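> Let me see the structure of the following:
(one chain, ligands or ions: 2)
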Amino acid sequence: MLHITMIGSGAIGVGVLELLENDPQLCVDAVIVPEASQELVRQRLAGFRKAPAVLTALPAEARPDLLVECAGHRAIEQHVLPALARGIPCLVVSVGALSEPGLVERLEAAAELGGTRIELLPGAIGGIDALSAAKVGGLESVLYTGRKPARAWLGTPGEQVCDLEHLGEATVIFEGSAREAARLYPKNANVAATLSLAGLGLDRTLVRLIADPHSHENVHQVEASGAFGGFELTLRGKPLAANPKTSALTVYSVVRALGNHAHAISI
Ligand SMILES: NC(=O)C1=CN([C@@H]2O[C@H](COP(=O)(O)OP(=O)(O)OC[C@H]3O[C@@H](n4cnc5c(N)ncnc54)[C@H](OP(=O)(O)O)[C@@H]3O)[C@@H](O)[C@H]2O)C=CC1
Ligand SMILES: O=C([O-])CC(=O)C(=O)O
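Ligands and ions are numbered 1, 2, ... in the order given. Down below sits the predicted model:
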């Protein structure tokens, strides 16, 4: 049985807990959330058969087998860095945070200090294995196109490009490097950052973001070419009801990764 501590208990966290309820090999003993939402989360999780403890930080004596982050960018600084330095293996879903200059190096240093590893999860996107393998032979180009329902871009600089509430047709709201996409659209930067880290890096990975009033899905497209040949991927992700900015595949990606740590065969 693997003992897991989870950071965050929002759309992804609760989705993961629901799927792990009856898993005999994986047990989430505790969730870490901000103090202000501790009581609400306790109530939210009270109905679970294996309700985890709700904490605001990892206790000094705690030694979970795995720490899985499903929270947000600040949680990496607050909880993941210190846990790595203490030797606790970490799985991270807020990969967009790693576009902040210097954070990758700090995570590497903390993991080396603790003699452990950090695993970046594919989340809402697929094909990361192929892209990262293709990089070994040499990549020439990677273009990522992210298409979401127009309203999913409310609260982003997309609001200055077009009237998202009354959009008649699909509109490109951003074109540029993954680095610039992460700066301007930090809450939608996970897929672009993951593709960049696996492939050509933040400056050479090209990103196009589209607001589509006719779409009810988060559509991720990747076109890559290099010495290996080429691939085109279209992933039509169903949004989570609890947070339409997040694709359901992200929850399954976390469950898959945790299962791979517990089961005899990993795939
Ligand atoms: N890699 C990928 O493909 C994807 C990654 N993501 C990323 O996953 C993360 C979670 O997404 P989602 O579940 O939809 O988000 P939600 O907003 O639904 O949930 C986030 C949860 O994390 C908690 N939280 C926020 N900051 C901290 C912190 N510093 N320490 C502890 N807990 C914290 C929140 O608490 P409170 O309510 O109090 O703020 C809440 O419980 C986001 O960073 C998102 O960008 C999302 C989709 C795809
Ligand atoms: O589709 C998703 O779940 C999230 C997404 O686009 C991103 O964060 O890059």
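> Count the residues that sit near residue 260.
Residue 260: 13 surrounding residues under other CB atoms under 10 Å. Where you see a C-beta, it was placed from the backbone N, CA and C, and this is true even at glycine.
> can you check residue 35 too?
Residue 35 has 9 nearby residues by other CB under 10 Å.
> swap in the one 10 residues further on?
The burial metric for residue 45, expressed as a neighbour count using other CB under 10 Å, is 19.
> Tell me who's in contact with it.
9, 14, 17, 31, 51, 52, 54 (CB atoms under 8 Å, 6 or more residues apart in numbering).
> Among those, which one is most surrounded by other residues?
residue 31 (28 neighbours).
> Tell me what it is bridged to.
residue 6, residue 54 (DSSP bridges).
> Settle this for me: it is touching residue 12, isn't it.
No - in this structure, residue 31 is not within contact of residue 12 by CB atoms under 8 Å, at 11.6 Å.
> Is the lengthiest helix in the chain in proximity to ligand 1?
Ordering each helix of the chain by length in residues (DSSP state H) puts helix 248-262 first. Yes - using CB under 6 Å from any ligand atom, helix 248-262 comes into contact with ligand 1 via residue 250.
> contacting residues around that helix?
So helix 248-262 is contacted by 1-2, 4, 11-12, 15-16, 19-20, 23, 25-26, 65-66, 68, 70, 91, 93, 119, 121-124, 126, 235, 237-240, 266-267 (CB under 8 Å, 6+ apart).
> Filter those down to the buried ones, ChimeraX style.
One line in ChimeraX is enough to select the buried ones among the contacts of helix 248-262; burial here means 16 or more other CB atoms under 10 Å:
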select :2,4,11,12,15,16,19,20,23,26,65,66,68,70,91,93,121,122,123,124,126,235,237,239,240
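> Which of the contacts of helix 248-262 fall in strands?
2, 4, 26, 66, 68, 91, 119, 235, 237, 239, 240 (DSSP state E).
> Can you give me every residue that contacts the residue most central in space within the chain?
By CA atoms, centre = their mean, the mean C-alpha position of the chain lies nearest to residue 93, the distance being 3.0 Å. The contact partners of residue 93, by CB under 8 Å, 6+ apart, come to 12, 68, 69, 70, 121, 123, 190, 250, 253, 254.
> Which of the three states applies to residue 60?
coil (DSSP: H, G, I helix; E, B strand; the rest coil).
> related to what we said a few turns ago, could I get the contacts of residue 93 as TSV with pLDDT?
As requested, those are arranged in TSV below (pLDDT from 0 to 100):
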residue	pLDDT
12	98
68	98
69	98
70	98
121	98
123	98
190	96
250	98
253	98
254	98
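> Take the contacts of residue 45 and keep only those in helices.
14, 17.
> which of the contacts of residue 45 lies closest to residue 211?
residue 14 (27.6 Å; CB to CB).
> mind listing the helices for the stretch 101-250 of the chain?
Along the stretch 101-250 of the chain, counting by DSSP state H, counting those that start in this stretch, helices occupy 103-114, 128-137, 158-161, 178-184, 190-198, 248-262.
> For the second one, buried residues please.
The one in question is helix 128-137. 128, 130, 131, 134, 135.
> Likewise for the first one?
Taking 16+ other CB under 10 Å as the basis for neighbour counts, the residues of helix 103-114 that come out buried are 103, 104, 107, 110, 111, 114.
> what packs against the lengthiest strand in the chain?
Scanning the chain for the longest strand, with DSSP E as the assignment, gives strand 139-149. Counting contacts by 3 or more CB pairs under 8 Å, 6 or more residues apart in numbering; DSSP states H and E, strand 139-149 packs against helix 190-198, strand 205-212, strand 218-226.
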